[in-house]
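**Student:** Structure, please.
(3 chains)
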Amino acid sequence: MWETIIGLEVHTQLRTKSKIFSSASTDFGSEQNTQACAIDLGLPGVLPVLNKDVVFMAIKFGLAINGKIAKKSIFARKNYFYPDLPKGYQISQYELPIVESGSINIFHKDKSKKIGITRAHLEEDAGKSVHDLFDDKSAIDLNRAGTPLIEIVSEPDIRSAEEAVIYLKKLHSLVRYLEISDGNMEQGSFRCDANVSVKKNTDKKLGIRAEIKNINSFKFVENAINFEVNRQINLLENGNSVIQETRLYDPIKNETRPMRSKEEANDYRYFPDPDLLPVVIDSSMIEKIKSDMPELPDKRLERFIKSYKLSEYDANILIADKFLANYFEETLKANNLESKIVANWIITEILALAKKSNIDTENFPVEPNNLNELLVFVKDDIISSKQAKEILQRMWLKGEKANTIIEKEGFQQISDSTELDKIVENVLKNNYKSVEEYMSGKTKLFGFFVGQVMKETEGKANPKIVNELLRGKLDKKC
Amino acid sequence: MYNKTLVELREEIVTKKVSSYELTKYFLERIKKFDKEINSFITITEEYALKTAKKIDQEISKNNMRALSGIPLAQKDIFCTENVKTTCGSKMLESFVSPYDATVVKKLKNAGSVMLGKTNMDEFAMGSSNETSFFGEVKNPWNFEYVPGGSSGGSASSVAARLVPCSTGTDTGGSIRQPASLCGVSGIKPTYGRVSRYGMIAFASSLDQAGVFAKTAKDCALLLTEIAGYDEKDSTSAEEKVINYFDICTKKFKPITIGVPEEFLDGLDNEVRKVFDDAIEIFKKEGCKIKKINLSNSKLGVSAYQVVAPAECSSNLSRYDGVRYGYRAKNVSDLEDLYKRSRSEGFGKEVKRRILVGTYALSAGYYDAYYLKAQKIRQLITNDFLEAFKNVDLILGPTTPDTAFKIGSKANDPIAMYLSDVYTVSANLAGLPAMSIPMGFKNELPLGLQIIGSHFDEDKILSLASHFQEITNWHDHQPKQKLLGLD
Amino acid sequence: MDKKTTLKIADLAKIEISNNELEEIASNLTKILKLVDEMNTISTDNIEPMAHPLNFTQRLRKDEVLENNQRNEFQKNCKYTDDGYYIVPKIID
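**Tutor:** Okay, here's the model as predicted:
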C-alpha cells in the first residue's frame, strides 16, 4: 500500500585533460594543491574561460538520451560559503541548462521502462576537505576544484531501490560508451544523490522527501534507499511525519542520518555569471557530433541478440560495459569460433578473473586475440576445457600466450588413439576385479575407468577418445 | 618636465634628449617629495622602476623602440602586479602579493613603460571620493580640503599633481570620468570588453572596464592603443579590431552631429551649465550640429546601478574568506567565526554595505523585484542610447553635477554620494565608451565635459576630445600649489 | 529593512554586525532600498533583462593543460598551511 518515489541526481566527472574553466590538469591523485592554478584558487582578478570539450561532451550526452540541446545556455553562480569552494560560489547552470527533457530505457523484471531525465547541466566540482588528517584542524586540497561535472537529474520516475540501481548502471554504462567519463566510483567521478519519498498508493500528492547525499557505489545506493524507505514508512505508520532534509548514508552502520553542516536553510542566490557569456550551440556543431556518435548500448544489445544469436541475458551482460562488449567482438573477429562459446567463456571465466584481481574491463591482461587462440586450441581438441581454464589463469597472471604455456608445461592433450589404447588396456588389466563387477551389471563403474585413465595421463587424455575406447573394449568383453 | 605631455616626453626619449632613467628618477623624486600632501600612492616601486628604466635605456641605445619606451606611469592598485603588493585599497588585501600580472599591466610593460607605483583608490573601487580607502583619503591637488573623486582618486590626483604623466584606472559607474572631472585631467573609459579585465580585481563584472588618465586626449589615445584588444583569458573581452587611436587624433577633424540629453541639464547648477554651454558653443563654431535628445530612462540609472553593482560585488567578494590569502582574523573559534570575523574586520563600511545590499537583492523572493528589474531597466537605458545614436555621432554633457565636494561632507550619506555618479552610471549600464576632459572651472575647481560614444566608437570620442584641446587650453591648467612644487 | 532581515542577510553574506552598528546599518540599507525602489516608477513588462552590455557569445577554449605546479608561489600569501594543505578550524560534519 506504500509507494516509493525516487528521483536521482548523478554527478559525473567529465573526462577532459584540463578543468572546465582553467588550463590546470584534472589528473586524479596528485599531491595536494599542486593542480590548483590561480583560477581554481579564486585569486583576485582571475576569470573563467570555458573548455570546448566539456561542451562537446554534454552535447554527446544530450543526443544519447534524446534530449533537447539548448541553442543558448547560461552559466550561473550558486553562492555559498565552504572552504573547499574557493570563490564562494560554484559556477553551475540554473536557468537554461545545456540539456533538457531526455530519457533512457531500463529493463527490469522482463519489462522495459522509460525513466525521464529532466535536465543535464554543466558545473565545476569543488575541492576536498579532509577532516581526519590533523587532530585539531581541517585541511583543504583544491586539486579537484574546477574539474568538469555534468549533473544528470532524473524525473521522479523510479519506484524502488532495485530500479534505481538498474537506472544508475545504465547511466554509468552510457557515459562510458560515450567516453565522456571514466565512471570511476571509487575516485568519485560518478556520484549520486537520491531524493526519496513515500506515499500511500491512493494519495495523489507526493510525500515529503529526504535527499541522501553523495552515495558512491551501486550497493550503497540500494541499501541507502531501502533504509530510507523503511524509515519513512515507519515514521508515517506511527503517526509521525517526514521532514524535508539532507541526509548522509553511513555504509558501516547501514543507515541514513541528518547532515548537520548543511542544515541551515540555504539561499544560493543564483544569478547569471557575468564573467561568462551565453553558450550558443548551432546545428552544424550538433550535426558534427551526431556523426561521430558511437553505437549506444540499446542498439548494440539488439545487434548482439540478432547477429550473434545470444540470449538476451548474456547479451545484456556483455553490452553493459563498452569495453567488455568490444572485447567480445574482438575475440570473435577472426571468425573461427562460435559466438555463444566465446560469450560463455567471457561471462564465466574472464569476468571471474577480473573480479578476483580487481581489474577493470579496460585493462584485461589477456588480449582478445590470445583468448581466441586459446579457444581455438579447445575447439581443435588440442587441449581440454579443463586445461584451458588452467591455462587462462596463467595467461591472466603472467601475461603469457596460450601456446607458450602449452609447450612449456606439456599441456598438450593426448588424442593419439594407439597411445591411448595401450593406456586403456593397462587400466583394464590392472583393475580386473572392477571389470568383473562392471560386467555383472555395476555400469556406474564406467566413470571410475575414465578417472583411472586420466590419472595415468595426468589429465591430458582426450576424454572423447577415452570414452570411445573404453566403451568398445568393455562392450566386447560382455 | 612635469608639465610635458606623453607625446612630448616620447619625443624627448626618441631623440635621446632625456633617458628613461632620468625621467624615472625625476618623477620618483616628485612622488617622494610631494605625495605626502595628497596621498595618491599606496606603493612606490622605486627599485623596480629604476631597474626597468636602465633596461629600457639599453634597448633605446640599440635603437630598439617600443610604443611607450621609457614612459613612467602609475597603476591603480586594483590591477594585479607580479611580486608587487596589490591591495585594492583594502585591509583585506593589505599584504597580498599577486603571483601574476594583469593583462593591462603586462601590455603596458611590453610597450616599454616604467611603473613607478600603485595608486590609492576607494576600497574595492566602491566610492566616489576616495574616502573609503583603508590607506587614507586622497586629496584633490586643486584644494587639499576637497576630494579628488573616486574610485580612481589616486590615479587622477597623481596626474593632476604632475607626479606622473599618466596612470591607469577602472570605471564601474564613473570611477575614471568622475575623478578626471574633479581633478581637471583627461580620462577615458572604453567600451565594455575593449580592454581585458583579466587581473583587474572585480567589483561588478558586467560594468567594470579599465581605462587611462593623462593630461590630454592624445595621450589617452596613445595609451589606449596599447591596452585595448582581445584577451583569450577574459571571456567578455571583445574581438573587435584595435585601431591606432593616436593616429585618428592627428587627422583633420570633420564636423559631426552632437546630441545633448535634456535629462543631463535638468536642474543643473547654473555655473556648471554656463561652462558646459561655452563648450558646446565651441563645437558649434567648429561646424558641429547640436541636437537635443532624450534619454528618459537614464534617470533610473543610479537606482538600477545600485542593484546590479552591489549584487555582482556581493558574489565577487565572497572569495575573500580568509582561507587562502588575504586578511584572516586571529584566534577564531570555528569556521563560521573565521568567515565572519575575517570579513567584518577586513572590509570597510562601504564595502560591507554594498555586499549586504547585493545579497539582499539576490536573495530568495527578492531576485525578480530587484536584480531582474534592474537588468530590465538596464536594457531600457541601453535602448535609449542606441536609439539616440541613430541620429547623433556622440553625446555630450557635464561629467558631474558639480565640482569636487569637501572631504567628509558626504562620507556619512551614502545616497548623496551615490548621486554624484548620476551622469556617469548610464554609460556603464549600457557598456558604452565615455570620456571626461577638462572644460572649465567653477570657484577655482575644475569641471569635466563628458563625451559618450556608441559601442567601439572610442575613435570618434578621442578625435572630438583632442580637437577640443587644440582649440581650448583647459587641459593645460594645473593647480598652483607650492606644496606640490607647482607654480 | 528591519533589524531582523539585516541580520539574516548579514549571516548569508558572512558579515558580523555588532549591536551598536545594527541600527545605523539597517537605516542606511533602508534608505538605499528606497532609492532603488524608484525603479518601480516604470513598467518593464516584456523587456528582456540585460545580463551583458554586448551581444557576444561565449568563446570556447581548447582542452589542453598549460598550468604547472605553483603551489609554493601561491601559498606565500597564506600563513595557514600545513604540508601543502590550506588549514581551517576543524569542521564537524
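
**Student:** residue of the stretch 151-300 of chain B with the smallest distance to chain C?
**Tutor:** Per C-beta to the nearest C-beta, B:Tyr192 is where the stretch 151-300 of chain B lies closest to chain C, at 4.2 Å. Yep, even glycine has a C-beta here, placed from its N, CA and C like the rest.

**Student:** A:Leu428 should be in a strand, yeah?
**Tutor:** No. If the criterion is DSSP: H, G, I helix; E, B strand; the rest coil, then A:Leu428 is helix and not within a strand.

**Student:** Please name the residues that touch it.
**Tutor:** Residues near A:Leu428 by C-beta atoms under 8 Å, 6 or more residues apart in numbering or on different chains: A:Val435, A:Phe449, A:Lys473, A:Leu474.

**Student:** Export those as TSV, with columns for neighbour count and pLDDT.
**Tutor:** Listed next are the contacts of A:Leu428 as TSV, based on neighbours: other C-beta atoms under 10 Å in any protein chain shown; pLDDT from 0 to 100:
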residue	neighbour count	pLDDT
A:Val435	18	85
A:Phe449	23	87
A:Lys473	16	83
A:Leu474	18	81
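
**Student:** nearest to A:Gly67, of those residues?
**Tutor:** Within these, proximity to A:Gly67 (C-beta to C-beta) peaks at A:Phe449, which comes in at 66.0 Å.

**Student:** Quick check, the closest one in contact with A:Leu470.
**Tutor:** Yes. Judged on C-beta atoms under 8 Å, A:Phe449 makes contact with A:Leu470 at a distance of 5.4 Å.

**Student:** anything in contact with each of the two?
**Tutor:** Counting by C-beta under 8 Å, 6+ apart, the residues touching both A:Phe449 and A:Leu470 are A:Val424.

**Student:** if we can go back for a sec, where does the residue of the stretch 151-300 of chain B closest to chain C fall, phi/psi-wise?
**Tutor:** Main-chain dihedrals, B:Tyr192, degrees, to the nearest 10: phi -60, psi 130.

**Student:** Once you drop chain neighbours, what's closest to it?
**Tutor:** Counting by C-beta to C-beta, 6 or more residues apart in numbering or on different chains, B:Gly431 is the residue found nearest to B:Tyr192 once chain neighbours are left out, at 3.5 Å.

**Student:** can you tell me which residues contact the one you found?
**Tutor:** Applying C-beta under 8 Å, 6+ apart, the residues near B:Gly431 are B:Thr191, B:Tyr192, B:Gly193, B:Thr382, B:His455, C:His52, C:Pro53, C:Leu54.

**Student:** helix/strand/coil for the nearest residue to B:Thr45 once chain neighbours are set aside?
**Tutor:** Distances taken as C-beta to C-beta, 6+ apart put B:Gly117 closest to B:Thr45, at 5.2 Å, once the chain neighbours are dropped. Secondary structure, three-state DSSP: B:Gly117 is strand.

**Student:** Would you confirm that B:Gly117 contacts B:Ala74?
**Tutor:** Yes. Counting by C-beta under 8 Å, B:Gly117 touches B:Ala74, with 5.5 Å between them.

**Student:** all helices for the stretch 1-150 of chain B, in order.
**Tutor:** For the stretch 1-150 of chain B, applying DSSP state H, counting those that start in this stretch gives helices covering B:6-14, B:20-38, B:46-61, B:103-110.

**Student:** Show me what the top strand by length along chain A is packed up against.
**Tutor:** In chain A, assigned by DSSP state E, the strand with the most residues is strand A:111-124. Counting contacts by 3 or more C-beta pairs under 8 Å, 6 or more residues apart in numbering or on different chains; DSSP states H and E, strand A:111-124 is packed against helix A:52-64, strand A:89-92, strand A:99-108, strand A:148-154, helix A:161-177.

**Student:** Adding mean neighbour count and distance to B:Leu300, write those out as JSON lines.
**Tutor:** Shown next, in JSON lines, are the helices and strands packed on strand A:111-124 (neighbours: other C-beta atoms under 10 Å in any protein chain shown; distance: least, C-beta to C-beta, whole Å):
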{"stretch": "helix A:52-64", "mean neighbour count": "22", "distance to B:Leu300": "37"}
{"stretch": "strand A:89-92", "mean neighbour count": "21", "distance to B:Leu300": "28"}
{"stretch": "strand A:99-108", "mean neighbour count": "18", "distance to B:Leu300": "35"}
{"stretch": "strand A:148-154", "mean neighbour count": "24", "distance to B:Leu300": "38"}
{"stretch": "helix A:161-177", "mean neighbour count": "21", "distance to B:Leu300": "48"}
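
**Student:** residue of chain C with the smallest distance to chain B?
**Tutor:** Nearest residue of chain C to chain B, counting by C-beta to the nearest C-beta: C:Pro53, 2.3 Å away.

**Student:** Settle this for me: that residue is touching B:Phe385, isn't it.
**Tutor:** No. Using C-beta under 8 Å, C:Pro53 is not in contact with B:Phe385, being 10.6 Å away.

**Student:** Give the residues shared as contacts by those two.
**Tutor:** Joint contacts of C:Pro53 and B:Phe385 (C-beta under 8 Å, 6+ apart) are B:Ala430, B:Leu432.

**Student:** Which one of the contacts of B:Gly431 is nearest to chain A?
**Tutor:** Using C-beta to the nearest C-beta, C:His52 is the member of these that lies nearest chain A, at 6.2 Å.

**Student:** any idea how far chain A is from the closest residue to chain C within the stretch 301-450 of chain B?
**Tutor:** Relative to chain C, the nearest point of the stretch 301-450 of chain B is B:Gly431 (2.3 Å; C-beta to the nearest C-beta). Going from B:Gly431 to chain A by C-beta to the nearest C-beta, to the nearest Å gives 12 Å.

**Student:** Check chain A for the residue nearest chain B and tell me.
**Tutor:** For chain A, C-beta to the nearest C-beta, closest residue to chain B: A:Gly88, 2.4 Å.

**Student:** Please list the residues of the stretch 1-150 of chain B that sit near chain C.
**Tutor:** Contacts of the stretch 1-150 of chain B with chain C, taken as C-beta under 8 Å from any C-beta of the partner chain, map to B:Ser95, B:Phe96, B:Val97, B:Pro99.

**Student:** okay if I get these as JSON lines plus neighbour count and pLDDT?
**Tutor:** Shown next, in JSON lines, are the residues of the stretch 1-150 of chain B next to chain C (neighbours: other C-beta under 10 Å; pLDDT from 0 to 100):
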{"residue": "B:Ser95", "neighbour count": "13", "pLDDT": "96"}
{"residue": "B:Phe96", "neighbour count": "21", "pLDDT": "98"}
{"residue": "B:Val97", "neighbour count": "17", "pLDDT": "97"}
{"residue": "B:Pro99", "neighbour count": "17", "pLDDT": "97"}
